[in-house]
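Peer 1: Everything below, folded, please.
(2 chains)
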Amino acid sequence: MTRWRMLVDNERGVALVLSLMILLVLTGLVLAFLSVSAMEPQISRNLGDTLRARYLAEAGLEAGFNTLIGLGDGNNTWTGQLTGATNGNPWRVLPALNAATLPGISAANGGTFTVSIRNDWQSSDNALTGETTADANAATDVNRVVFMRATGTFNGATKTLEVVVKRASLPPFPGAVNVPGSQADTFVNTQFFDIDGRDYRCSSNCDNANQWDVDDDNPAKYAMAVNTGTQSNVGVTYESRVESAFGTSGSCDTGCSNNKKNSIRGKDQTDPTDTTTGLNAIGADSSLNPSVMQSFLSKLAAFPGTTILQSTMACPMILEGAPGQPNKPILRNNNGGSGGASCTLNQTLDLGSRSDPKLIYFRGELDTSSTFTGLQLGLGSGYPKLKGAGILVVEDGDLRQMGEFEWDGIVIVTGRYVGAGFRTSSTTDIRGAFVALETQPGEASGFFEFYLDALANRFSVRNSTQNVNMVQFMRALHTMSSWREI
Amino acid sequence: MTAFKRARMEEGFTLAELLVACAVIAFVMAGLLGMLQSGQQSYLVGSHKVEAQQTARLAIDRLVQEIRNGGFCPTCANSGVTPFNAITPQTGSALSASSFVIQNDWNGTWDGSSGISASGTVNYTVMDAGGTVTTTQRGERIIYAYNSGTGTLTRQEIGVDATALTIASGINSLTFSYLDSSGAGTTTPANARTVVIALTTQPAAQGASTSTGKVLVTMTDSVRLRNRQN
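Peer 2: You can find the predicted model right below:
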């Protein structure tokens, strides 16, 4: 047998070679399958992570909005939050919102979000904010409009959302009671009431009226403020028009007149650093006028979150107190209108509280006869009380106060052929500011912008910067719009 | 002679031995075949399910992303500006279950009655972290349509895409429905605030039965229009 033949016939050791070859092939196959099946979960995980990052960014927007609402300087702008912003580095991270985590969830388990803002100062920004003029530079906010951007990050996936945040700045309120419209017809038929332009504040138990004290550190406002100028249909100044309600007339003798004058107290127009009672506490100030108020209300009404309650002459609205729930009265629209049985509205309306102030916006309709009551408060003495906080607006309709009403914040009655009447048996406490603003010049005499009835049980309006600020920084005066993913 | 040496001297197997061996092997192979078939079926169903799920996830993710942005309108918070309809029908006046149009106003020119582009492109600006503004051209109308004949979902950004582009295929059924601000169903464009997507997908090579890899995956999602608050 040749050596070659011996070599071919010798099969010893072939099993090892074959085993190794088969093992190699099988290993290759297993690895290939593993890589394919491992890819699918990775794709799913990436999708899940991206989704989570997006929700984190949404959470960031809400957190950032809440933060921005509470921030502001003396002009209610966000300039303080833009400190250090430049054209090349415009984004400023909001306090405590840099790589923030969801409550109770660690960054490793829940991811993080970062929220920053920038000013609108570039010409192209108007297309995104809807404003007609942008600010001058990256660091100074004047128009109270900023961009807010939130970036959510989870497991390396990031998503960024951007919105525009706007603030409606309250107009100035130069007096506790303001009658700054085109007419300032005032009727005061009671001798003992309380209109006080000094600044009232409260530190605790603020639902108790006795807890509110005068803060001498803050400058006082007028007890009653009017616009500068002359009321065209009677040819006297607005100031004189209001002051005439405090003089002697008919059954009101000198003593009666003096009692009325002693019921008002505020900034002394002859010495603005001091306070006084009497007619010098009634002053003219053009900072609040129909145009300023209209601009504010238009902005407020256009905010996407604002709900306007429509009161009509056919179905005028009335708020009736609910027993034990002064801030959750019943709103009906069957207050003597021509609509009769068709006016079926009957719902609970939340008037808010100091910790959760609300915007309550009633809109009526044009009534050139001046007799339309857009909103009546309460049914009369002895009925359940109404109490709320925030900003109450009655536009294009009279406000008729009949019951017991307590309000922390601002009450505004404005529009054409309107007025506010505090009627027999009513009890009124407003801490903040009250405005009765007629926008229609030449309304017939006898229809008053501010009417205080002889038998009103109590009427108290006090200036409170604390409550005005509470309203300024409430959620309803802010809006988050132009939501987009970038 | 040792037993080992005796074994090496065997000349062959008897017929009976061969038959027994064949029978044993046949039994073993039959069992293995069954296992292989069920394994293959499981693999087919599993991979088809993954494929269908991916299709559904991607389609829904894309839809959700753009519907959320829908109705982008910088001027709508201004006084006297009535918002335009964020979701409109592709044809007719009532919202359809198979298609819809997302309307945006990227360049903030809507004035309450006109200003949104129905055909061309507009500037779409984004500022980066360094303050640099990037402007791209985007269409303000995006049409999403489901073709039940081909099982595809198409997207066309007017002004950017000359024709509708397929973004997902293998769709067994897709239905859009619309809710108003109180959560009630509506087909009125002005009232639509939420879009509900009900999607069923299948693999590209759908089997005739489960044993041959037939799979249907159903997902539902509802998306609130973030730019329409009330």
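Peer 1: Strands of chain B, start to end?
Peer 2: B:87-88, B:99-103, B:121-127, B:133-139, B:141-147, B:152-157, B:165-168, B:171-179, B:194-201, B:217-224 (DSSP state E).
Peer 1: looking at these, which is closest to residue A:19?
Peer 2: Ranking the strands of chain B by proximity to residue A:19 (Cβ to Cβ) places strand B:217-224 first, at 43.0 Å. All C-beta atoms are positioned from the backbone trio N, CA, C, and that covers glycine.
Peer 1: For the closest one, buried residues please.
Peer 2: Across strand B:217-224, burial judged by 16 or more other Cβ atoms under 10 Å in any protein chain shown covers B:217, B:219, B:223.
Peer 1: sorry, back to before: quick one: closest of the strands of chain B to residue A:314.
Peer 2: strand B:171-179 (31.2 Å).
Peer 1: Columns distance to residue A:32 and mean pLDDT on top of the strands of chain B, output as a markdown table?
Peer 2: Shown next, in a markdown table, are the strands of chain B (distance: least, Cβ to Cβ, whole Å; pLDDT from 0 to 100):
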| stretch | distance to residue A:32 | mean pLDDT |
| --- | --- | --- |
| strand B:87-88 | 46 | 96 |
| strand B:99-103 | 42 | 96 |
| strand B:121-127 | 42 | 93 |
| strand B:133-139 | 41 | 94 |
| strand B:141-147 | 36 | 96 |
| strand B:152-157 | 31 | 96 |
| strand B:165-168 | 28 | 94 |
| strand B:171-179 | 30 | 96 |
| strand B:194-201 | 26 | 96 |
| strand B:217-224 | 26 | 94 |
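Peer 1: got CSV for the ones you listed, with distance to residue A:77 too?
Peer 2: Formatted as CSV, these follow (distance: least, Cβ to Cβ, whole Å):
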stretch, distance to residue A:77
strand B:87-88, 36
strand B:99-103, 33
strand B:121-127, 20
strand B:133-139, 23
strand B:141-147, 36
strand B:152-157, 38
strand B:165-168, 44
strand B:171-179, 38
strand B:194-201, 35
strand B:217-224, 31
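Peer 1: Figure out which of those is closest to residue A:242.
Peer 2: strand B:217-224 (49.7 Å).
Peer 1: correct me, but residue A:207 touches residue A:354?
Peer 2: Yes. Assessed by Cβ atoms under 8 Å, residue A:207 is found in contact with residue A:354 at 7.3 Å.
Peer 1: quick one: which of those two has more around it?
Peer 2: residue A:354 (18 against 13; other Cβ atoms under 10 Å in any protein chain shown).
Peer 1: returning to what we had before: who wins for proximity to chain A among the strands of chain B?
Peer 2: strand B:121-127 (4.8 Å; Cβ to the nearest Cβ).
Peer 1: The closest one relative to strand B:152-157, how many degrees between them?
Peer 2: 90 degrees (axes from the mean of the first three to the mean of the last three Cα atoms, to 10 degrees).
Peer 1: Return the set of buried residues in strand B:121-127.
Peer 2: Under 16+ other Cβ under 10 Å, the buried positions of strand B:121-127 are B:121-122, B:124-125, B:127.
Peer 1: and those residues, which two are the farthest apart?
Peer 2: B:121 and B:127 (19.6 Å).
Peer 1: Return the distance of residue B:74 relative to chain A.
Peer 2: As defined by Cβ to the nearest Cβ, to the nearest Å, residue B:74 lies at a distance of 4 Å from chain A.
Peer 1: neighbours of residue A:265, just the number please.
Peer 2: 23.
Peer 1: Near chain A, which residues of chain B are found?
Peer 2: B:50, B:53-54, B:57-58, B:61, B:65, B:68-69, B:72-81, B:106-109, B:123, B:125-127, B:129-131, B:133, B:135, B:226-230 (Cβ under 8 Å from any Cβ of the partner chain).
Peer 1: Buried subset of those residues as a ChimeraX selection?
Peer 2: Selecting only the buried entries of the residues of chain B next to chain A in ChimeraX, with 16+ other Cβ under 10 Å as the criterion:
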select /B:50,53,54,57,58,68,69,72,73,74,75,76,77,78,81,106,107,108,109,125,127,131,226,227,228,229
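Peer 1: Among the residues of chain B next to chain A, which are located in helices?
Peer 2: B:50, B:53-54, B:57-58, B:61, B:65, B:68-69 (DSSP state H).
Peer 1: Closest to residue B:142 out of the residues you listed?
Peer 2: For these, the nearest to residue B:142 is residue B:69 (9.5 Å; Cβ to Cβ).
Peer 1: wait, doesn't the closest one sit right on residue A:482?
Peer 2: No. Between residue B:69 and residue A:482 there is no contact under Cβ under 8 Å: 9.7 Å.
Peer 1: Pull up the overlap in contacts between those two.
Peer 2: Common contacts of residue B:69 and residue A:482, defined by Cβ atoms under 8 Å, 6 or more residues apart in numbering or on different chains, comprise residue B:227.
Peer 1: so who does the residue lying closest to residue B:62 once chain neighbours are set aside touch?
Peer 2: Nearest residue to residue B:62, sequence neighbours excluded (Cβ to Cβ, 6 or more residues apart in numbering or on different chains): residue B:167, at 5.9 Å. Contact partners of residue B:167, counting by Cβ under 8 Å, 6+ apart, are B:58-59, B:62, B:153-155.
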